[in-house]
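Undergrad: Structural data only, the sequence is not supplied:
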DNA sequence: TTCATATACAACCATTTGGTTGTATATTAT
DNA sequence: ATAATATACAACCAAATGGTTGTATATGAA
């Protein structure tokens, strides 16, 4: 269910937004529970304005959204965008795994068409990560 | 199969490295097929030195490795690290989904202990992304 | 040996980033 | 009305980023 393809600079913004431990922590926090900007700011050893900027970066990247509630701005996580970049990474994995399979296949073909059976290539394996 | 926990700054480096379209393209390319730095440089509209720097950033982040072959440096993708940060993102998703389930549960409890049955809360749903 | 190729790396520059402080505005509480 | 709270935003600064050019070094080919 792809809504629309993200541009390069949109993806840039998402990864850049996640390239900071404070911002990753904010994302984690608001995924657990929505929080106002000042509530978030209490937790970090930096000025309110700094946290405000971090939230702005996350918002510009589409990773969180803000909604007014009285005088507060409530920050909440946007799962769709996280899901999107996670899929991008899993695409990388898929590419690699397919390459691994192709390599194994080449080895198998070589063994049957050009060289005598090779015990190593008959059981050809390429490391594929698992959990 | 976690080898060792990455530090914040290591994760920072990975995300920062991926926050550039040229570097993401390099990763994609070397996941498909290993390539020397100059071979990679041919493809991009920037100086060799610039591409060299991009590769260095990816290498520092552990996303690719370099190995000498004669006068060339062959760049290859490091799937383990990609897998690692992909898992980090899927953790975010898990957190969110659990929260969604908890919210649904709270709604259910409210309905049975404090208020008359509510047609809306009995079918409580929270959007969960799917493919 | 000499020439071409592949890389390394330093120096430089403009822009962005991540922080600060200070000031202004809107909302809630007394 | 006044004070306290929550946010917005500008101006400033040091450091990092993403590019450049130039120079040096190592390897392979003729």
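TA: Looks like it came in fine. Here the structure is a predicted model, which means the values were calculated and not measured. Numbers count the residues shown, from 1 in each chain, chains lettered A, B, ... in the order given.
Undergrad: ok, residue A:63 - contacts?
TA: A:14, A:17, A:18, A:27, A:77, A:78, A:81, A:82 (CB atoms under 8 Å, 6 or more residues apart in numbering or on different chains). From N, CA and C alone the C-beta is placed, and that goes for glycine too.
Undergrad: Tabulate those residues (TSV), appending secondary structure, pLDDT and distance to residue A:46.
TA: Formatted as TSV, the contacts of residue A:63 follow (DSSP: H, G, I helix; E, B strand; the rest coil; pLDDT from 0 to 100; distance: CB to CB, whole Å):
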residue	secondary structure	pLDDT	distance to residue A:46
A:14	helix	95	22
A:17	helix	97	17
A:18	helix	95	18
A:27	helix	95	17
A:77	strand	94	21
A:78	coil	92	23
A:81	helix	88	24
A:82	helix	85	24
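Undergrad: If you rank these by neighbours, which is first?
TA: Among the contacts of residue A:63, residue A:18 has the most neighbours (other CB atoms under 10 Å in any protein chain shown), with 28 neighbours.
Undergrad: What residue, apart from its backbone neighbours, is nearest that one spatially?
TA: Excluding the flanking residues, the one nearest residue A:18 by CB to CB, 6 or more residues apart in numbering or on different chains is residue B:15, at 4.5 Å.
Undergrad: Then residue A:61?
TA: With CB to CB, 6+ apart, the residue lying closest to residue A:61 is residue A:17, at 3.8 Å.
Undergrad: show me what contacts that neighbour?
TA: A:23, A:57, A:58, A:60, A:61, A:63.
Undergrad: Among the residues you listed, which pair sits farthest apart?
TA: With CB to CB as the measure, no two of the contacts of residue A:17 lie farther apart than A:23 and A:60, at 11.4 Å.
Undergrad: More neighbours: which of the two?
TA: residue A:23 (23 against 14).
Undergrad: The more buried one: which element?
TA: helix A:21-32 (DSSP states H and E).
Undergrad: Distance from the chain centre to that helix, please.
TA: 14 Å (CA atoms, centre = their mean, to the nearest Å).
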